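> compute the structure for the input listed below.
(2 chains)
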Amino acid sequence: MDFDMGEKVAALRLELRRLVAEHVPPDFLGAFTDDPADLDVAQRFCGILAERGLLCMAWPEEWGGRNASPWEQTAVREEMWAHHEPRGAQYMGVNWVGPVIMRHGTPAQKALHLPAIARGEVIWCQGFSEPNAGSDLASLQTAARRDGDGWRVSGQKVWTSYATMAQWCFLLARTSTGERKQQGITVFLVPMSSPGIEVRPLATMIGPHHLNEVFFDEVWVTDADVLGAVGEGWRIVQEVLAFERVGIARYARCERLLQWAPVVLGDQWEALPGELRSRWARMLVHARRARLLAYRVVALQAQGQVRPGDAAAYRIAVTRLDQQSAAVLMDIVGLAELQGPDARRFRAAVEDHWRYSASATLASGSVEMQRVLLARTLLAKP
Amino acid sequence: MNTDLCPEALELGEVARRKLGAAGGDELARRVEREPASRRGLIEPVLADLGAWDLDVRSGPEELEAAAALCRSAGYWALPYPVAERLCRPRGLGAAGMSVVAEVAPAAPVAQLDLPWMAVTLDGRRSRARARPGEEPVRRSAFVAALDLEPLDTGGVADAALGLVLPCWTLLGMLERALALTCAHVATREQFGQPLAAFQGVQFQLTDAEVERAGLEELAKYALWRLEADAARSLDDALALRLAAVEAAETVLRVAHQLHGALGFCDEATLSWVSRSSVPLRRLPFGLSATRDQLTRRLGRRGLAGLFGGE
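As a prediction, this is how the structure comes out:
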């Protein structure tokens, strides 16, 4: 056994930390705030990563990548999430929009989209969930109707992150009705500047830009905007979910904030109730546990294997960790005199973590769906 | 990065599970409870046949991983024998086994063994240990005996880490068995015209247990690796593992009992034996609160080694 990721990954991690220290302001809490300067930071940072070949490391060389190993990809995920995701919304384009276009796109679609994603210049949003199609995504009703040599899309999406700032939408729409609801769904790559698209931001406790409603009113799209074959969208969605198998490295931010707490509190640390420090210690163990469960999934991926139950167990563990560690950190912050810039940054980061963690068990698929999946694998006949 | 036990260890684990099964399996615990004096005679020859006494867990990663796999298989059958503790025996001191003990009321599952034993505290104080004769029946004591200690030296921090880690592998095997028994039970037991497994309320409880089990497995491997790399500095990792193990045991066995219904308490159900056999491992050298307290004190302001410090 060897849990060391090796020198190459260690060097990459150091390089990423150096770039963050140099190019991301210490007060940065993510690109999605009311201050447009934060989005600018993320866009510039993506450009810096792209120049060094670090933005799309996992991509093949043909499209500007480095064929990075699963462990290098893991280090990127960890470092970026730990430092409040200075890539902004780009991780979506890099992690799965690009790879799915590589597999299913036409030469023209690849030429249009992949270089822009690789340069970190474009933001995508994901037109999946609808008012009546959340976990039951295949029940979506947004429809694309044939109209001459194109399509007219009408319907409503909801919980759409980054829709106010996105240039493109990876849209699921129903183009026909089959025997099963999974049939007749098609993927469209739609410019968000298209006439007939209206974005209405939703004010939320997790912060601005995270959730929006997107309305499509007879939006014109062409056959050139269809990704893959008409009616084959569900198969593509399954691939998207596979690319997102490990998802966000939430444990990395939890661990960073937990380790930061006693540093910031200094001599106040020992004055905290012993029970609270015990909860803190327990959360550090749970952060390690979640990290190791992620590594189990990555290790299998590195061997070309998939065990869906392992990924589900990880996601259950890591989303719980996110919320429980946020509660512990908020209790710590509440009992300390936090003065000076570093302490104020810590307080702000904890408060941000707490608000955002409320969505951890819902974002990218509810934890209940992961439990259903895990139970299915546990109860499968050997 | 390689998160799997070495092939030789995995093979030994499989062979051990098979041979212990052939030697009686679940029946071993039942028989030893009826005839406590028989446990050495019943179990030691099987362990000898598996090469358990030839394993030197301090000689390198392969033997340490093999020992861990053997402990896991012993746990699977709730083997009424301190396999992990015997495999931890220190070199050159004439001891047949070693247990980590608390400062207060030192105890270990060594009743009726009559073997020279060692004890070590978390701060590395080693003692020769002798089991006090007990009056409680085995059904309640689970072979746990109070220890009289004769201090020896203070160089045993690495021993303490090892002595915490290997029994967690035994507990992991027990929890895996409990979960497997429960999955099998809910798949066949019908209520309201369908198997219990069809109810989402049942399924979700199973997932709670599996997340704990899976997390424990990974932490157990990680702690083993840290022992291999630097035993003397791996006590944090051993305590972190122990905390996760005790928490996992609570969740897994609570779920297992709940889903077995009243059957799970009956002697005819294997779960009842696994559950009772787990108690010494969960309570010694200290239970949940004391483990958490020890870990918290050790971590201080330093935290736990990981991506962001703690070293």
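> what packs against the helix or strand of chain B with the lowest mean pLDDT?
Least confident helix or strand of chain B, by mean pLDDT, DSSP states H and E, is helix B:138-141 with a mean of 90. Where contact means 3 or more C-beta pairs under 8 Å, 6 or more residues apart in numbering or on different chains; DSSP states H and E, helix B:138-141 is packed against helix B:26-34. For every residue, glycine as well, the C-beta is placed using N, CA and C.
> any idea how far the helix it packs on is from the chain center?
Averaging C-alpha positions (C-alpha atoms, centre = their mean, to the nearest Å) puts helix B:26-34 18 Å from its chain's average.
> so after that helix, what's the next helix or strand?
helix B:39-49 (DSSP states H and E).
> and the contacts of that following helix?
Residues outside helix B:39-49 that contact it (C-beta atoms under 8 Å, 6 or more residues apart in numbering or on different chains): B:19-20, B:23-24, B:28, B:31-32, B:53, B:79-81, B:83, B:112-113, B:143.
> residues of it that come out buried?
Across helix B:39-49, burial judged by 16 or more other C-beta atoms under 10 Å in any protein chain shown covers B:Arg39, B:Leu42, B:Ile43, B:Glu44, B:Val46, B:Leu47.
> picking that back up, residues making contact with the least confident helix or strand of chain B?
So helix B:138-141 is contacted by B:Val32, B:Glu33, B:Pro36, B:Ala111, B:Gln112, B:Gly134, B:Arg276 (C-beta under 8 Å, 6+ apart).
> please redo it, this time with the cut-off set to 6 Å
Helix B:138-141 has contacts (C-beta atoms under 6 Å, 6 or more residues apart in numbering or on different chains) with B:Glu33, B:Pro36, B:Gly134.
> count of residues packed around the first one?
Applying the criterion other C-beta atoms under 10 Å in any protein chain shown, we find 20 residues in the vicinity of B:Glu33.
> got the contact list for it?
For B:Glu33, the contact set (C-beta under 6 Å, 6+ apart) comprises B:Val138, B:Arg139.
> kindly report the same for A:Pro60.
When contacts are counted by C-beta under 6 Å, 6+ apart, A:Pro60 is found next to A:Asn67.
> mind redoing it with 10 Å?
A:Arg66, A:Asn67, A:Pro99, A:Met102 (C-beta atoms under 10 Å, 6 or more residues apart in numbering or on different chains).
> just say helix, strand or coil for residue 179.
Reading this off chain A. Of the three states, A:Glu179 takes coil under DSSP: H, G, I helix; E, B strand; the rest coil.
> can you redo the contacts of A:Pro60 as TSV with neighbour count?
Output for these, formatted as TSV (neighbours: other C-beta atoms under 10 Å in any protein chain shown):
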residue	neighbour count
A:Arg66	14
A:Asn67	11
A:Pro99	23
A:Met102	17
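> quick check, nearest of those residues to A:Pro262?
Nearest to A:Pro262 among these: A:Arg66, at 37.3 Å, using C-beta to C-beta.
> list phi and psi for the closest one.
phi -130, psi 10 (degrees, to the nearest 10).
> wait, what's in contact with the nearest residue to it once chain neighbours are set aside?
Nearest residue to A:Arg66, sequence neighbours excluded (C-beta to C-beta, 6 or more residues apart in numbering or on different chains): A:Met57, at 4.9 Å. Shown in contact with A:Met57 (C-beta under 10 Å, 6+ apart): A:12, A:49, A:64-69, A:72-73, A:75-76, A:94.
> that older thread, nearest to A:Arg17, of the buried residues of helix B:39-49?
Proximity of the buried residues of helix B:39-49 to A:Arg17 (C-beta to C-beta) peaks at B:Leu47, which lies at 49.0 Å.
> need the pLDDT of that closest one.
On pLDDT, B:Leu47 comes in at 98.
> from B:Met1, how far off is A:Val240?
26 Å (C-beta to C-beta, to the nearest Å).
> pretty sure A:Gln156 sits in a strand.
Yes: per three-state DSSP, A:Gln156 lies within a strand segment.
> so what's it up against?
Counting by C-beta under 10 Å, 6+ apart, A:Gln156 makes contact with A:127, A:129-132, A:141-142, A:198, A:200, A:213-217.
> can you put those residues in a markdown table and add distance to A:Thr33 and neighbour count?
Converted to a markdown table, the contacts of A:Gln156 look like this (distance: C-beta to C-beta, whole Å; neighbours: other C-beta atoms under 10 Å in any protein chain shown):
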| residue | distance to A:Thr33 | neighbour count |
| --- | --- | --- |
| A:Gly127 | 23 | 29 |
| A:Ser129 | 23 | 18 |
| A:Glu130 | 27 | 22 |
| A:Pro131 | 27 | 12 |
| A:Asn132 | 31 | 11 |
| A:Gln141 | 33 | 13 |
| A:Thr142 | 29 | 23 |
| A:Glu198 | 23 | 12 |
| A:Arg200 | 19 | 13 |
| A:Glu213 | 20 | 17 |
| A:Val214 | 21 | 25 |
| A:Phe215 | 25 | 16 |
| A:Phe216 | 27 | 25 |
| A:Asp217 | 30 | 13 |
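> possible to save those as a markdown table with pLDDT and secondary structure?
A markdown table is the format used below for the contacts of A:Gln156 (pLDDT from 0 to 100; DSSP: H, G, I helix; E, B strand; the rest coil):
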| residue | pLDDT | secondary structure |
| --- | --- | --- |
| A:Gly127 | 95 | strand |
| A:Ser129 | 94 | coil |
| A:Glu130 | 96 | strand |
| A:Pro131 | 95 | coil |
| A:Asn132 | 93 | coil |
| A:Gln141 | 96 | coil |
| A:Thr142 | 97 | coil |
| A:Glu198 | 98 | strand |
| A:Arg200 | 97 | strand |
| A:Glu213 | 97 | strand |
| A:Val214 | 98 | strand |
| A:Phe215 | 98 | strand |
| A:Phe216 | 98 | strand |
| A:Asp217 | 98 | strand |
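> so what's A:Ala375 up against?
Going by C-beta under 10 Å, 6+ apart, A:Ala375 touches A:Gly309, A:Ala312, B:Cys183, B:Ala197, B:Gln200, B:Val202, B:Gln203, B:Phe204, B:Gln205, B:Leu206, B:Thr207, B:Glu210.
> just the buried subset of those residues, written out for PyMOL, thanks.
Of those, the buried ones can be selected in PyMOL as follows, counting by 16+ other C-beta under 10 Å:
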select buried, (chain A and resi 309+312) or (chain B and resi 183+197+202+203+205+206+207+210)
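> lowest pLDDT pick from the contacts of A:Ala375?
Among those, A:Gly309 carries the lowest pLDDT, at 90.
> thought it was touching B:Ala214?
Yes: counting by C-beta atoms under 10 Å, B:Ala214 is a contact partner of A:Gly309 at 8.5 Å.
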